[in-house]
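In: Coordinates only, no sequence provided:
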């Protein structure tokens, strides 16, 4: 649906200083109906790429190709995109309802339909009780909820979100995650930028990883984790642990112990535990989190 082809972007603060490349020959695709995470440390180039995607800045080289189903012109393509920037601007003197109505009319949503859409999404995102209050009295989390509300009013096919969970309390984070997951299940194309790896793992099925402006991974989260998983098995048990060879032992709370053993030694270790009447609670492959994998990725 969206293809990034060899995107490069440099910034030069001074004539005598060598340009800094925020993006260096970045290429990948976002397929229709995918929920794709966009990961990278602060300064990796994520926001720069999203600004190029939205047409706010131009790349030094490369192009972005949109599927023909989104329209024949740039204006038609943008009509099919819902965008929430990292630092959205809100008019402080307006109420939440006035701001949402203003944004909806900018997207040519008919008035009667707009009223229903504002009520529906504001209710889903937990901001309906604040709609008639001036925005200058909103918290950061409430503004994030309202921002996502306005991004959804015109029923876009593609949702582009830059740090959508920033500033939210645990309840707000859960509410917005639920909405994003539902939209993905309904077939919307979702592209979520974040530096919080656990959020992406919970929301998305695919991920693109940037490091110092370069793409270092593009593909399935499950495939990335499986590729970086070991052959070890994790055993959680309770009781007095006998002497074991080639086993990593870690004491846990509640008189429980975590054993990490290579797959080939699993049966002999279990046999020893049972013979010593150790209560085995759980056996599962040792699987790293996406966060642990990402931190070990090298370009």
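Out: Looks like it arrived, so ask away. From a predicted model like this one, the values you see are computed outputs, not experimental measurements.
In: make it CA atoms for all contacts and neighbour counts henceforth
Out: OK.
In: The helix or strand hosting residue 291 packs against which elements?
Out: Taking DSSP states H and E as the criterion, residue 291 maps to helix 290-295. Applying 3 or more CA pairs under 8 Å, 6 or more residues apart in numbering; DSSP states H and E, one finds that helix 290-295 contacts helix 197-203, helix 221-227.
In: Export those helices to JSON lines and append columns for mean neighbour count and distance to residue 50.
Out: As requested, the helices and strands packed on helix 290-295 are exported to JSON lines (neighbours: other CA atoms under 10 Å; distance: least, CA to CA, whole Å):
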{"stretch": "helix 197-203", "mean neighbour count": "18", "distance to residue 50": "17"}
{"stretch": "helix 221-227", "mean neighbour count": "15", "distance to residue 50": "21"}
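In: for those helices, which one sits closest to residue 29?
Out: For residue 29, the closest of the helices and strands packed on helix 290-295 is helix 221-227, at 15.1 Å, according to CA to CA.
In: Who does the helix or strand that the closest one is followed by pair with, and is each partner parallel or antiparallel?
Out: Downstream of helix 221-227, the next assigned helix or strand under DSSP H and E is strand 232-238. Here strand 232-238 is paired, per DSSP bridges, with strand 256-262 (antiparallel), strand 279-285 (antiparallel).
In: okay, those, which one's buried deepest?
Out: Among the strands paired with strand 232-238, strand 256-262 has the highest mean neighbour count (mean count of other CA atoms under 10 Å), at a mean of 19.
In: Over to residue 218: give its phi and psi.
Out: phi -150, psi 110 (degrees, to the nearest 10).
In: so what's it up against?
Out: 28, 206, 207, 208, 209 (CA atoms under 8 Å, 6 or more residues apart in numbering).
In: Could you pull out the strands in this protein for me?
Out: Assigned by DSSP state E, the chain shows strands spanning 2-11, 20-30, 35-39, 61-66, 81-84, 158-162, 189-194, 206-211, 214-220, 232-238, 247-251, 256-262, 279-285.
In: so what's residue 90 up against?
Out: Each residue near residue 90 by CA under 8 Å, 6+ apart is listed here: 99, 135, 143.
In: how deep is the last one tucked in, by neighbour count?
Out: Taking other CA atoms under 10 Å as the neighbour definition, residue 143 ends up with a count of 21.
In: Who are the contact partners of it?
Out: Each residue near residue 143 by CA under 8 Å, 6+ apart is listed here: 90, 135.
In: okay, the closest residue to residue 60 other than its chain neighbours: pLDDT?
Out: Closest residue to residue 60 apart from its sequence neighbours, by CA to CA, 6 or more residues apart in numbering: residue 9 at 5.0 Å. pLDDT for residue 9: 94.
In: and what of residue 18?
Out: So, for residue 18, pLDDT stands at 83.
In: didn't it look like it was pressed against residue 12?
Out: Yes - the pair residue 18 / residue 12 is scored as a contact, 6.9 Å apart, by CA atoms under 8 Å.
In: Mean pLDDT lowest where, among the helices and strands packed on helix 290-295?
Out: Lowest mean pLDDT within these: helix 221-227, at a mean of 78.
In: Without its sequence neighbours, what residue ends up closest to residue 12?
Out: residue 19 (4.5 Å).
In: ok, now which ones touch the most centrally placed residue in the chain?
Out: For the chain, the residue sitting closest to the mean C-alpha position, by CA atoms, centre = their mean, is residue 200 at 3.5 Å. By CA under 8 Å, 6+ apart, the residues touching residue 200 are 37, 38, 39, 192, 194, 207.
In: Quick check: the farthest pair among those?
Out: 194 and 207, at 10.7 Å, using CA to CA across those.
In: Mind listing the shared neighbours of those two?
Out: With CA under 8 Å, 6+ apart, residue 194 and residue 207 have common neighbours 37, 38, 39, 200.
In: Show me what the second one is bridged to.
Out: Same thing as residue 38. residue 193, residue 208.
In: ok, it to residue 93 distance?
Out: 34 Å (CA to CA, to the nearest Å).
In: Equivalent analysis for the first one, please.
Out: When CA to CA is applied, the distance between residue 37 and residue 93 equals 34 Å.
In: now do residue 155
Out: 27 Å.
In: More neighbours: those two, which one.
Out: residue 155 (16 against 13).
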